[in-house]
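Novice: Everything below, folded, please.
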Amino acid sequence: MFGADGAFAYLKDFSAPISFEVTDVPIASAGASNPRTIVTEAGLKISAIPGHHGDAPAIIYRIEYQGRSIVFSGDIDASGLPALATISRAANLLVFHAVVLDPPGSPEVLYSLHTPPGAIGALAARSQVGALLLSHLSPAVDRKRAAVTASIASHYRGSVKFAADGMRVKP
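Specialist: Model prediction:
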């Protein structure tokens with residue numbers, strides 16, 4: 001993944017030298033499997049499940065600690081929603097990327113990589129998450145916050161916030 005021919009080859013020149021402790025999450029389990037626990041330590045549990053983001057690797061994470069849970073969707077398209085629904089069930093907070101508007105508001109190619117607001121709201125409702133935090137905001141989404149919020153609210157009745165640098169959220 002990080003070598004000269006890997007998906008993240010640019011990281012070797014991006015910043016100071018970095019190292020990783022890697023846990024494989026098999027692609028074969030994408031879509032319909034159970035999350036895999038990758039860390040259990042001192043009451044902390046981190047689980048992961050493959051998502052789907054075109055040819056790029058996509059991992060969805062759930063972090064649980066002291067009876068609270070946060071799920072990070074990462075960049076996923078509609079093919080990754082079943083995995084996200086599995087791992088986000090009853091999470092206190094779902095952090096979901098918000099890159100595209102509902103069709104046809106964004107370039108068609110972006111829908112093969114990202115999830116539109118209506119689908120985000122439907123998933124948040126189906127998974128019964130406590131709150132939704134939209135992150136990785138594109139300029140289009142940022143300019144149309146009211147429309148994005150309305151689309152999500154047509155399915156999901158919980159709290160919806162837009163992430164900002166330095167923001168603190170208590171799930």
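Novice: which ones are touching A58?
Specialist: P50, G51, H52, G74, D75, I76, G80 (C-beta atoms under 8 Å, 6 or more residues apart in numbering). In short, each C-beta sits where N, CA and C put it, glycine included.
Novice: Now do the end-to-end distance for stretch 61-77.
Specialist: End-to-end distance for stretch 61-77: 16 Å, by C-alpha to C-alpha, to the nearest Å.
Novice: now do stretch 74-81
Specialist: With C-alpha to C-alpha as the measure, the ends of stretch 74-81 fall 11 Å from one another.
Novice: re the thing from before, can you name the two of the contacts of A58 that sit furthest apart?
Specialist: P50 and D75 (12.5 Å; C-beta to C-beta).
Novice: who has more neighbours, these two?
Specialist: Taking neighbours as other C-beta atoms under 10 Å, P50 and D75 compare with P50 leading, 23 against 18.
Novice: Now do the more buried one, the pLDDT please.
Specialist: With respect to pLDDT, P50 scores 86.
Novice: Name the nearest residue to H97, ignoring sequence neighbours.
Specialist: H136 (3.9 Å; C-beta to C-beta, 6 or more residues apart in numbering).
Novice: Would you mind measuring from the one you found to K161?
Specialist: 14 Å (C-beta to C-beta, to the nearest Å).
Novice: about what we covered before: now, the contacts of A58 that are in strands?
Specialist: Among the contacts of A58, the ones falling in strands (DSSP state E) are P50.
Novice: In helices, which of the contacts of A58 appear?
Specialist: Judged by DSSP state H, helices contain none of those.
Novice: Now tabulate the contacts of A58 in TSV and tack on distance to G121.
Specialist: Listed next are the contacts of A58 as TSV, based on distance: C-beta to C-beta, whole Å:
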residue	distance to G121
P50	23
G51	18
H52	19
G74	18
D75	18
I76	15
G80	16
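Novice: Among the contacts of A58, the buried ones, what's the ChimeraX command?
Specialist: Filtering these down to the buried ones (16 or more other C-beta atoms under 10 Å) takes a single ChimeraX command:
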select :50,51,52,74,75,76,80
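Novice: Please identify which of the contacts of A58 is nearest to Q66.
Specialist: So of the contacts of A58, ranked by how close each gets to Q66 (C-beta to C-beta), first place is G74, at 23.8 Å.
Novice: Quick check: pLDDT value at the closest residue to the closest one other than its chain neighbours.
Specialist: With sequence-adjacent residues excluded and distances taken as C-beta to C-beta, 6+ apart, G74 is closest to A58, at 5.2 Å. Listed pLDDT for A58 reads 83.
Novice: Noted, bye for now.
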